[in-house]
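**Q** would you be able to build a 3D model of this:
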Amino acid sequence: MQAVSSLLAAIGRPVLALLAAIGRVAIFAAEALGHMLRPPFYWREFGQQVMQIGWFSLPVVGMTAIFTGGALALQIYAGGNRFGAEAVVPQIVAIGMARELGPVLGGLMVAARVASSIAAEIGTMKVTEQIDALTTLSTHPMKYLTVPRILAATLTVPVLVAVGDAIGIMGGWLVGITRLDFNSATYLKNTVDFLQFWDIGSGLVKGAVFGFLVALMGCYHGMNSARGAQGVGAATKSAVVAASVLILAANYLLTEVFFSA
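**A** I've put the predicted structure just below:
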C-alpha cells in the first residue's frame with residue numbers, strides 16, 4: 001500500500017506542478033490582454049518592437065523558407081516519381097508552404113530569435129532592478145514591457161509568414177524549373193490555380209497565434225526569471241523551449257479546427 005501511495009505521489013507532483021504552471025501563464029496572459037485595452041499605450045516602444053521582431057527576423061525567415069521550398073519540391077518529385085505523379089509538385093509545394101511549413105517553421109525561427117531575446121532582456125532588467133525602477137516611476141512594467149512586445153509579435157509574425165510563404169513557393173519554383181525540368185509558366189499557373197483563399201488565410205491566423213505565444217513566453221519567463229546570470233540563462237532556455245512546444249501543439253489544434261472536415 002505504501003509503495004502504491006509513493007508511486008501516485010511521484011506521478012502527482014509533476015502533474016500538479018504542470019497544472020500550476022499552466023495557471024500562472026494563463027493569469028499572466030489574461031493580465032497582459034487586460035492592459036492592452038486600457039491606456040496609456042507606449043507607441044514608441046511598440047514601434048521599436050515591430051522593427052526588432054518583424055523586420056530583423058525577415059532574413060532568417062526568408063532563408064529558412066527558400067531552402068524549405070526547394071527541398072520540399074525535390075522530395076515531392078522523388079516520391080511522386082514512384083507512381084507517376086511528378087506533376088503535382090507545384091500544387092503540393094504551394095499548399096504545404098501556405099498551410100503548414102510556412103507558419104510552423106517561421107514561428108519556430110521567430111521563437112528561437114525573439115523569445116530568447118525578450119526573456120534575456122527582461123530577465124536582465126529584473127536582475128539589475130530596472131523593473132523596480134519602472135514601478136518607482138509609476139510606469140506599470142506589464143504595460144511598458146509586455147504589451148508592446150506581445151502586440152508587435154501578434155501583428156508582425158503573420159506578415160513574416162506571408163513573406164515566407166511567397167519565398168518558399170519561389171524556392172520550389174526555382175528548383176522545379178532548374179532541376180526538375182518544369183515549364184515556368186505551367187508551374188506558376190498550377191500554383192495559382194490550386195491555392196485557395198483559406199489555404200493562405202489559415203496560415204496567417206496560425207502566424208498570429210504563434211507570434212502571441214512567442215512573445216508571451218518570452219515576457220513570462222523574463223518577468224519570472226531568478227536572480228543572477230544563471231537565472232537569466234535558465235529563463236532564456238525555458239522561453240525558447242516553451243514557445244517551440246506551444247507552437248507545435250497549437251499548430252495541431254488549429255489544423256484540427258480548420259481542416260478536420
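**Q** so the residue nearest the centre of the chain is in which element?
**A** In the chain, the residue lying closest to the centroid (CA atoms, centre = their mean) is residue 107, at 2.7 Å. Remark: residue 107 resides in helix 102-110, with elements defined by DSSP states H and E.
**Q** against which helices or strands is that helix packed?
**A** Packing contacts for helix 102-110, counted by 3 or more CB pairs under 8 Å, 6 or more residues apart in numbering; DSSP states H and E, involve helix 58-80, helix 147-178, helix 197-223, helix 228-259. All C-beta atoms are positioned from the backbone trio N, CA, C, and that covers glycine.
**Q** between the helix or strand following the first one and helix 147-178, how many degrees?
**A** Meaning helix 58-80. Next helix or strand after helix 58-80 toward the C-terminus (DSSP H and E): helix 89-96. Angle, helix 89-96 to helix 147-178, by axes from the mean of the first three to the mean of the last three CA atoms, to 10 degrees: 170 degrees.
**Q** quick check: mean pLDDT of helix 89-96?
**A** For helix 89-96, the mean pLDDT works out to 89.
**Q** can you list contacts of that helix?
**A** With contact meaning CB atoms under 8 Å, 6 or more residues apart in numbering, helix 89-96 is reached by 69, 72-73, 76-77, 80, 168-169, 172-173, 176, 180, 182, 187-188, 190-191, 194-195, 199.
**Q** so where's the longest helix in this structure?
**A** Scanning the chain for the helix with the most residues, using DSSP state H, yields helix 2-36.
**Q** just checking, what packs against the following helix or strand past that helix?
**A** The helix or strand immediately downstream of helix 2-36 is helix 43-49, counting by DSSP H and E. Helices and strands touching helix 43-49, by 3+ CB pairs under 8 Å, 6+ apart, are helix 147-178.
**Q** just the buried residues of the helix it packs on, please?
**A** Within helix 147-178, the residues that count as buried by 16 or more other CB atoms under 10 Å are 147-177.
**Q** same check on stretch 12-28?
**A** Going by neighbour count (16+ other CB under 10 Å), the buried part of stretch 12-28 is 25, 28.
**Q** next, the angle from the longest helix of the chain to helix 228-259.
**A** For helix 2-36 against helix 228-259, the angle by the same axes, to 10 degrees is 80 degrees.
**Q** what angle do helix 2-36 and helix 197-223 make?
**A** Following the same axes, to 10 degrees, one obtains 100 degrees for the angle between helix 2-36 and helix 197-223.
**Q** please name the residues that touch residue 59.
**A** For residue 59, no contacting residues are found, by CB under 8 Å, 6+ apart.
**Q** if you could redo that for residue 115, that was the one I meant.
**A** Contacts for residue 115 (CB under 8 Å, 6+ apart) come out as 214-215, 217-218, 239-240, 242-243.
**Q** got JSON lines for these, with distance to residue 3, pLDDT and neighbour count too?
**A** Output for those, formatted as JSON lines (distance: CB to CB, whole Å; pLDDT from 0 to 100; neighbours: other CB atoms under 10 Å):
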{"residue": "214", "distance to residue 3": "43", "pLDDT": "95", "neighbour count": "33"}
{"residue": "215", "distance to residue 3": "45", "pLDDT": "94", "neighbour count": "31"}
{"residue": "217", "distance to residue 3": "38", "pLDDT": "94", "neighbour count": "28"}
{"residue": "218", "distance to residue 3": "42", "pLDDT": "92", "neighbour count": "32"}
{"residue": "239", "distance to residue 3": "38", "pLDDT": "92", "neighbour count": "30"}
{"residue": "240", "distance to residue 3": "38", "pLDDT": "93", "neighbour count": "23"}
{"residue": "242", "distance to residue 3": "34", "pLDDT": "93", "neighbour count": "22"}
{"residue": "243", "distance to residue 3": "39", "pLDDT": "94", "neighbour count": "29"}
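**Q** how about the residues you listed in a markdown table, adding distance to residue 96?
**A** Formatted as a markdown table, the contacts of residue 115 follow (distance: CB to CB, whole Å):
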| residue | distance to residue 96 |
| --- | --- |
| 214 | 22 |
| 215 | 26 |
| 217 | 26 |
| 218 | 28 |
| 239 | 28 |
| 240 | 25 |
| 242 | 26 |
| 243 | 23 |
